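**Student:** Coordinates only, no sequence provided:
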């Protein structure tokens with residue numbers, strides 16, 4: 001089964017907590033603080049793997065968690081860092097933030113990797129909080145929380161040449177003739193429900209990868225049929241081979257089909273519509289009026305398409321010349337990374353601990369938020385030095401300055417979760 005998109009949840013490991021510990025030796029009953037730092041949480045890393053071809057694995061497993069950092073311990077022992085979570089994906093996978101739809105990474109080369117969620121930093125042990133005036137701190141720092149995201153994985157196949165055209169024009173047949181790929185072939189619409197890749201190797205020219213993209217129909221760029229599911233797979237191609245049924249065997253007009261497909265490409269991506277095209281007028285073995293091909297060639301040449309080949313994929317007529325023309329065109333076009341507009345790129349923001357101050361009906365100034373939660377996690381309310389440390393942090397964060405601006409007076413009550421104290425100038 002070919003799966004080319006997936007939605008998964010990832011979370012990096014939280015940092016380990018710092019330790020509150022004091023030396024306890026036989027002849028040193030009141031030893032100094034020796035609590036160690038907590039270990040760093042593991043990262044969640046997405047990595048390109050050449051051995052993977054689809055995103056099928058993510059249909060069954062949708063949650064990926066990195067390991068938490070180990071807490072610090074006595075004797076200044078640092079906690080062990082958490083193990084990273086490595087998520088392997090096929091080459092050509094785009095990683096997007098599900099909420100914003102912004103592109104986080106394009107993993108198009110073997111070994112490409114991206115840290116989606118960074119592990120939380122380990123908390124400092126109480127040994128790190130000693131000062132000349134604070135000899136025995138009875139508090140430590142908690143580990144930082146890890147990051148969590150819901151991400152969208154989208155596979156855009158890596159091929160040099162993309163075969164495009166309406167359903168049943170012979171793309172699968174052509175692919176089977178020029179490579180060892182064996183797509184399912186039959187005379188009905190949408191036989192191909194997933195892209196097929198093949199490697200074309202001709203004597204005297206460099207080999208290249210060709211992709212048979214399932215039939216595109218009118219409205220594909222707006223999601224009609226399976227259009228959007230497959231249009232993404234030609235975004236990386238350097239050239240396109242555009243097949244038309246020159247025989248009109250199904251009552252269709254080749255030139256009209258050609259125009260409609262190109263309009264869908266333009267609607268989907270202006271840049272994609274400008275990709276060089278080689279035109280292959282297929283099913284020529286069923287063509288009984290040579291003027292029909294000449295008329296078609298004259299029309300598309302007038303539009304600026306100068307490479308037009310009459311072929312029959314079924315009999316292999318003209319196919320070698322077509323592939324050589326493709327190889328020649330590729331030799332003149334360098335490989336480029338997928339174009340991602342700046343406005344579509346994800347910008348990582350540093351996690352910030354914030355707070356808000358409100359005044360309740362009793363006139364109490366209530367300070368709350370993630371900053372307060374984290375601060376109180378590290379405070380020992382029964383220890384004077386610990387409370388002084390918390391007061392210093394509140395001052396450095398600007399909480400006291402903001403309270404002044406809100407009109408707090410000497411003796412007013414300030415509340416931080418479960419702690420209440422009088423404000424003193």
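**Tutor:** Thanks, I have it. If you're wondering where the values come from, they're calculated on a predicted model, not measured in any experiment. Numbering: from 1, shown residues only.
**Student:** Quick check: residue 160 touching residue 207?
**Tutor:** No: if you go by C-beta atoms under 8 Å, residue 160 and residue 207 don't touch, sitting 9.2 Å apart. Bear in mind the C-beta positions are built from the backbone N, C-alpha and C, glycine included.
**Student:** more crowded one of these two?
**Tutor:** residue 160 (22 against 12; other C-beta atoms under 10 Å).
**Student:** Name the nearest residue to the more buried one, ignoring sequence neighbours.
**Tutor:** Nearest residue to residue 160, sequence neighbours excluded (C-beta to C-beta, 6 or more residues apart in numbering): residue 208, at 4.1 Å.
**Student:** what's across from that neighbour in the sheet?
**Tutor:** In this structure, residue 208 bridges to residue 200 when assessed by DSSP bridges.
**Student:** Any regions of the stretch 1-150 of the chain where pLDDT drops low?
**Tutor:** 1-2, 28-30 (pLDDT under 70).
**Student:** Please enumerate the strands of it.
**Tutor:** For the stretch 1-150 of the chain, applying DSSP state E, counting those that start in this stretch gives strands covering 5-11, 44-48, 63-65, 85-89, 93-97, 103-107, 113-117, 148-155.
**Student:** Report the residue ranges of every domain in this structure.
**Tutor:** What automatic domain parsing lists as the domains of the chain is 1-155, 161-331, 356-422.
**Student:** quick one: terminal-to-terminal distance for the last one?
**Tutor:** Counting by C-alpha to C-alpha, to the nearest Å, you get 18 Å between the two ends of domain 356-422.
**Student:** if I pick the nearest residue to residue 347 once chain neighbours are set aside, what's in contact with it?
**Tutor:** With sequence-adjacent residues excluded and distances taken as C-beta to C-beta, 6+ apart, residue 347 is closest to residue 102, at 7.6 Å. Residue 102 sits next to 96, 344, 345, 346, 347 when contact means C-beta atoms under 8 Å, 6 or more residues apart in numbering.
**Student:** SS state for the residue nearest to residue 315 when sequence neighbours are not counted?
**Tutor:** The shortest distance from residue 315 to any non-neighbouring residue, by C-beta to C-beta, 6+ apart, is to residue 285 (5.2 Å). Recorded secondary structure, residue 285: helix (DSSP: H, G, I helix; E, B strand; the rest coil).
**Student:** burial count for residue 285?
**Tutor:** 12.
**Student:** Over to residue 328?
**Tutor:** The number of residues near residue 328, taken as other C-beta under 10 Å, comes to 12.
**Student:** Double-check that it belongs to a helix.
**Tutor:** Yes: counting by three-state DSSP, residue 328 is part of a helix.
**Student:** about what we covered before: and the domains of the chain: which comes nearest residue 337?
**Tutor:** domain 1-155 (6.3 Å; C-beta to C-beta).
**Student:** For that closest one, what is the distance to the chain centroid?
**Tutor:** 18 Å (C-alpha atoms, centre = their mean, to the nearest Å).
**Student:** So what's the residue count around the closest residue to residue 24 other than its chain neighbours?
**Tutor:** Of all residues not flanking residue 24 in the chain, residue 31 sits nearest, at 6.2 Å (C-beta to C-beta, 6+ apart). Residues lying near residue 31 (other C-beta under 10 Å) number 13.
**Student:** same question, residue 23
**Tutor:** 15.
**Student:** List phi and psi for it.
**Tutor:** Main-chain dihedrals, residue 23, degrees, to the nearest 10: phi -60, psi 130.
**Student:** my guess is it contacts residue 35, does it?
**Tutor:** No: if you go by C-beta under 8 Å, residue 23 and residue 35 don't touch, sitting 10.2 Å apart.
**Student:** Please enumerate the shared neighbours of these two.
**Tutor:** Common neighbours of residue 23 and residue 35 (C-beta under 8 Å, 6+ apart) are residue 74.
**Student:** which residue is nearest the centroid of this protein?
**Tutor:** Nearest to the geometric centre of the chain sits residue 95, at 1.0 Å (C-alpha atoms, centre = their mean).
**Student:** how close does it sit to residue 258?
**Tutor:** According to C-beta to C-beta, to the nearest Å, residue 95 and residue 258 sit 35 Å apart.
**Student:** Over to residue 202?
**Tutor:** For residue 202, the distance to residue 258 - C-beta to C-beta - is 26 Å.
**Student:** Looking at those two, which one has more neighbours?
**Tutor:** Neighbours per residue (other C-beta under 10 Å) separate residue 202 from residue 258, with residue 258 holding more: 23 against 14.
**Student:** Assign that one to helix, strand or coil.
**Tutor:** Residue 258 ends up helix, using three-state DSSP.
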